[in-house]
Structure formats: structure tokens, C-alpha cells
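Trainee: build the 3D model from these lines:
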Amino acid sequence: MTDDELRSLGHVTCVQAARYLGIPPNHLRVALEQGRIPVGTCIRGAGGRRSIHIEPERLIAYKHGDLNADLLARVERLERMITKGA
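Mentor: So this is what the prediction gives:
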């Protein structure tokens, strides 16, 4: 999958993102949950079910090594604030 194809999807699933990165989907799920791959959010709901949201542009930047550390830190702080309120 190319960067443009990924952008055109609108909603990127965990399976699509994992395929794009070349890793198993379960590895991506765990890495998102643990905050080790900063391309989206993973929230555990009632019953342990995961809710995953992947940002296409962050996924592309991560794959190409272009994530700005300062911007990423600000986005992650904001995500934590949002998920605490959810």
C-alpha cells in the first residue's frame, strides 16, 4: 500500500496499518496500547475490548521516520487528556 492509498482510505484499520508497517496486527495493537508506536490511540473498554483509532498522517510519518518529537509530545498529552475524559 502506498502513502496516497493509505490517505484515501479515510478510516485506517489496525490490520491495514499493520500491513503498511510490515508487522503483525496484534503487535501493533499491543504497541498502541502501551504507547510504543505513536500513530494513534488504543483504549480498553468494558470487557477488555480495544477501541483503536489510527491517524493516517502520523502512520505515514512514523514509517518514514518524520515524526517531530515536540509536536508528538504535545499530541500525546492532548490524547491522554481526551481519553481520561472518555
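Trainee: helices or strands up against the lowest-mean-pLDDT helix or strand in the chain?
Mentor: The helix or strand of the chain with the poorest confidence is helix 69-85; it has a mean of 74 (mean pLDDT, DSSP states H and E). Under the contact criterion of 3 or more C-beta pairs under 8 Å, 6 or more residues apart in numbering; DSSP states H and E, helix 69-85 touches strand 40-44. Every C-beta, even on glycine, is put in place using the N, C-alpha and C of the backbone.
Trainee: now do stretch 57-66, average pLDDT.
Mentor: For stretch 57-66, the per-residue pLDDT values average out at 88.
Trainee: correction: the previous question concerned stretch 41-51.
Mentor: On average, stretch 41-51 scores 84.
Trainee: got the buried residues for that stretch?
Mentor: 41-42 (16 or more other C-beta atoms under 10 Å).
Trainee: distance from the chain centre to it, please.
Mentor: Centroid displacement of stretch 41-51 relative to its chain, using C-alpha atoms, centre = their mean, to the nearest Å, is 14 Å.
Trainee: just the CA trace of it, in CSV.
Mentor: Output of stretch 41-51 as CSV, limited to C-alpha atoms (Å, rounded to 0.1, in the frame of the first residue of the first chain):
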residue,chain,number,x,y,z
THR,A,41,-4.8,5.6,20.3
CYS,A,42,-5.9,2.4,21.9
ILE,A,43,-8.5,2.4,24.7
ARG,A,44,-9.7,-0.6,26.6
GLY,A,45,-13.4,-0.5,27.2
ALA,A,46,-15.7,-2.6,29.4
GLY,A,47,-15.0,-6.3,29.0
GLY,A,48,-11.4,-5.6,27.8
ARG,A,49,-12.4,-4.8,24.2
ARG,A,50,-10.0,-2.4,22.5
SER,A,51,-11.1,0.7,20.6
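Trainee: who touches that stretch?
Mentor: By C-beta atoms under 8 Å, 6 or more residues apart in numbering, the residues outside stretch 41-51 that reach it are 29, 32-33, 52-53, 79, 83, 86.
Trainee: can we see that at 6 Å?
Mentor: Contact with stretch 41-51 is made by 32-33, 52-53, 79, 83, as judged by C-beta atoms under 6 Å, 6 or more residues apart in numbering.
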